[in-house]
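Asks: model the structure of this input:
(one chain, ligands or ions: 1)
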Amino acid sequence: MPKGPITSIIVAYGGMNYTSPVVEISDVYSTGTGARAEAIVANGVITSIIVTNGGSGYTAPIITIADATGVGVEATAIIGGLPGSLSGGIRKFIDSLPRLGAAGANNLGQYISIANADTTTFHGSDYYEIGLVEYSEQMHSDLPATKLRGYVQLNNGTDSNGQNTIMPSPVHYLGPLIVSGKDRPVRIKFTNMLPTGADGNLFLPVDKSVMGAGMGPIDMPGMPGMKENYTENRATIHLHGNNSVWISDGTPHQWITPADEMTSYPEGVSVVNVPDMPDPGDGSMTFYYTNQQSARLMFYHDHAFGITRLNVYAGEAAGYLITDQVEQDLINGTNNSGVNPGLLKVLPDIGIPLVIQDKTFVDSTTISFQDPTWKWGSMPGIAMTGDLWYPHVYVPAQNPGDITGVNPFGRWHYGP
Ligand SMILES: [Cu+2]
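Replies: Residues are numbered from 1 along each chain as shown. Purely as a prediction, here's the structure:
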């Protein structure tokens, strides 16, 4: 978070009956030191507060006025009121947007990779082998690298001799984008390559009271009545918005664990592979998409029972774009579809996919005040700046300790 000296204090309401007020300046996160200020009183009202020493390192300053007789003053301390007085934090508009392909890399080297189709292994279809891996990527100039999980292409399309080639591409956040055409089927072999055992646990808090995230139906080995938990490295691919047949939908019950995971639940109960593709083996699934849809931007993402929101937040999402003859006519100034008799070039290209996401990052210097029970991330138990943060405390809307009975920050009502 940004830190700096206190550059001014604004009095919103001067109160009454003040005689010799003393201004005390503290900080919500205990980061600031050294600030001093004096209150100016006229007829018992504080008319202004003068900063005599701005101090340093303030993040969220609090003004307290001590006085034997006065009440009611309201004042706000300002940090960053002078150009260049702030340091730290995540600055706006510093990094450019990662665009499509290596040529679209931004200043951090981020870009959304584009998958290369193998057009020969399955005649009439585009074929992709997609892995799921754990990796790190720097998301902002003011952050260290962030631990993520995401998709990566494992084959490399079709070479100039028409052969399927194997050359894993580097993993890129929100990649690899699959570009397909209306009515051109896409086939995918998905392989879960996440870590296993304790390393396979998510680096985000998992609420095991959510159905599908905690205990499953099977007893732990040798412990009758003690149910074994589902693992946190379960994953699948669901193509969001696609007109998919159910066996390839990637429903909440169509997930798979890595091949070498030790678990009584190696795959979801509804996993069905594509009948005319080879058995992909443990840790892999196959999918078939008809793409009988008009041009559109979709995305594929994880859908595993009980942890979908966490897996997608961790990075298990990528773009999927269908183009069609109508769109191509509007790009190329042709009229094969019949919608463009004027042969106009209306569209410059298939577009620039825009993806808007909401992420919160851990700041190791303030997390112990903001979230005292945070214990997840890349070094569980040690708060690491740049780790993804996720809510994990259910704050009740009732507060028996407050005379109103209400907790204004609460979101959850007690049951009867
Ligand atoms: Cu979805």
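Asks: isn't residue 102 right next to residue 111, touching?
Replies: Yes - taking contacts as Cβ atoms under 8 Å, residue 102 lies within contact range of residue 111: 6.0 Å. The way it works is simple: take the backbone N, C-alpha and C, and place the C-beta from them, glycine included.
Asks: for residue 320, list each beta-bridge partner.
Replies: residue 178, residue 298 (DSSP bridges).
Asks: run through the neighbouring helices and strands of the element among helices and strands of the chain having the smallest mean pLDDT.
Replies: Ranking every helix and strand in the chain by mean pLDDT, DSSP states H and E puts strand 164-166 at the bottom, with a mean of 72. If contacts are counted by 3 or more Cβ pairs under 8 Å, 6 or more residues apart in numbering; DSSP states H and E, strand 164-166 sits against strand 155-158.
Asks: got a pLDDT number for residue 257?
Replies: pLDDT, residue 257: 98.
Asks: to clarify, my last question referred to residue 193.
Replies: Reported pLDDT for residue 193: 97.
Asks: same question, the one 4 residues further on
Replies: Per-residue confidence for residue 197 comes out at a pLDDT of 96.
Asks: could you do residue 168 as well?
Replies: Each residue has a pLDDT score; the one for residue 168 is 66.
Asks: report the contact partners of residue 215.
Replies: 208, 227, 228, 229, 230 (Cβ atoms under 8 Å, 6 or more residues apart in numbering).
Asks: now with 7 Å, please.
Replies: Applying Cβ atoms under 7 Å, 6 or more residues apart in numbering, we find residue 215 in contact with 227, 229.
Asks: tell me the confidence at it?
Replies: Model confidence at residue 215 (pLDDT) stands at 94.
Asks: mind listing what's buried along the helix ranked longest in the chain?
Replies: Using DSSP state H to define each element, the chain has its longest helix at helix 325-332. By 16 or more other Cβ atoms under 10 Å, the buried positions in helix 325-332 come out as 325, 326, 327, 328, 329, 330, 331.
Asks: gap between it and the chain center?
Replies: Chain-centre distance of helix 325-332: 34 Å, with Cα atoms, centre = their mean, to the nearest Å.
Asks: following that helix, which helix or strand comes up?
Replies: Next along the chain after helix 325-332, taking DSSP states H and E as the criterion, comes strand 360-361.
Asks: for that following strand, which helices and strands make contact with it?
Replies: strand 388-389 (3 or more Cβ pairs under 7 Å, 6 or more residues apart in numbering; DSSP states H and E).
Asks: contacts for the strand it packs on?
Replies: 146, 204, 313, 314, 359, 360, 361, 362.
Asks: the residue lying closest to residue 154 once chain neighbours are set aside: what's it in contact with?
Replies: In this structure, residue 154 finds its nearest non-sequential neighbour in residue 129, 4.2 Å apart by Cβ to Cβ, 6 or more residues apart in numbering. Going by Cβ under 7 Å, 6+ apart, residue 129 touches 153, 154, 155, 189.
Asks: what's the farthest-apart pair in the residues you listed?
Replies: Farthest-apart pair in the contacts of residue 129 is 153 and 189; separation 10.8 Å (Cβ to Cβ).
Asks: higher neighbour count, those two?
Replies: residue 153 (26 against 22; other Cβ atoms under 10 Å).
Asks: what about the helices in this structure?
Replies: Using DSSP H, helices in the chain cover 308-313, 325-332, 367-370.
Asks: let's test this: mean pLDDT of the second one, rounded?
Replies: Right, the one you point to is helix 325-332. Here the mean pLDDT over helix 325-332 is 96, rounded to a whole number.
Asks: what of stretch 131-150?
Replies: The predicted model gives stretch 131-150 an average pLDDT of 96.
Asks: count of neighbours near the residue lying closest to residue 136 once chain neighbours are set aside?
Replies: Beyond its immediate neighbours in the sequence, the residue positioned closest to residue 136 (Cβ to Cβ, 6+ apart) is residue 145, lying 4.1 Å away. Using other Cβ under 10 Å, the number of residues around residue 145 comes to 14.
Asks: residue 145 and residue 135 touch, don't they?
Replies: No - using Cβ atoms under 7 Å, residue 145 is not in contact with residue 135, being 9.1 Å away.
Asks: quick revisit: so which elements touch the longest helix of the chain?
Replies: Using 3+ Cβ pairs under 7 Å, 6+ apart, helix 325-332 is in contact with no helix or strand.
Asks: tabulate the CA atom coordinates of it in CSV.
Replies: Output of helix 325-332 as CSV, limited to C-alpha atoms (Å, rounded to 0.1, in the frame of the first residue of the first chain):
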residue,chain,number,x,y,z
GLN,A,325,-18.2,-16.1,-42.4
VAL,A,326,-20.2,-13.0,-41.4
GLU,A,327,-17.4,-11.7,-39.3
GLN,A,328,-14.8,-12.6,-42.0
ASP,A,329,-16.8,-10.8,-44.7
LEU,A,330,-16.9,-7.7,-42.5
ILE,A,331,-13.2,-7.9,-41.9
ASN,A,332,-12.2,-8.7,-45.5
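Asks: who touches that helix?
Replies: With Cβ under 7 Å, 6+ apart as the criterion, helix 325-332 contacts 295, 335, 336, 337, 339, 340, 345, 346, 347, 349, 350.
Asks: any weak-confidence spans in the stretch 51-200 of the chain?
Replies: For the stretch 51-200 of the chain, applying pLDDT under 70 flags the ranges 167-168.
Asks: of all residues in the protein, which one is nearest the centre?
Replies: residue 313 (3.5 Å; Cα atoms, centre = their mean).
Asks: which residues touch it?
Replies: Residue 313 is in contact with 204, 388, 390, counting by Cβ under 7 Å, 6+ apart.
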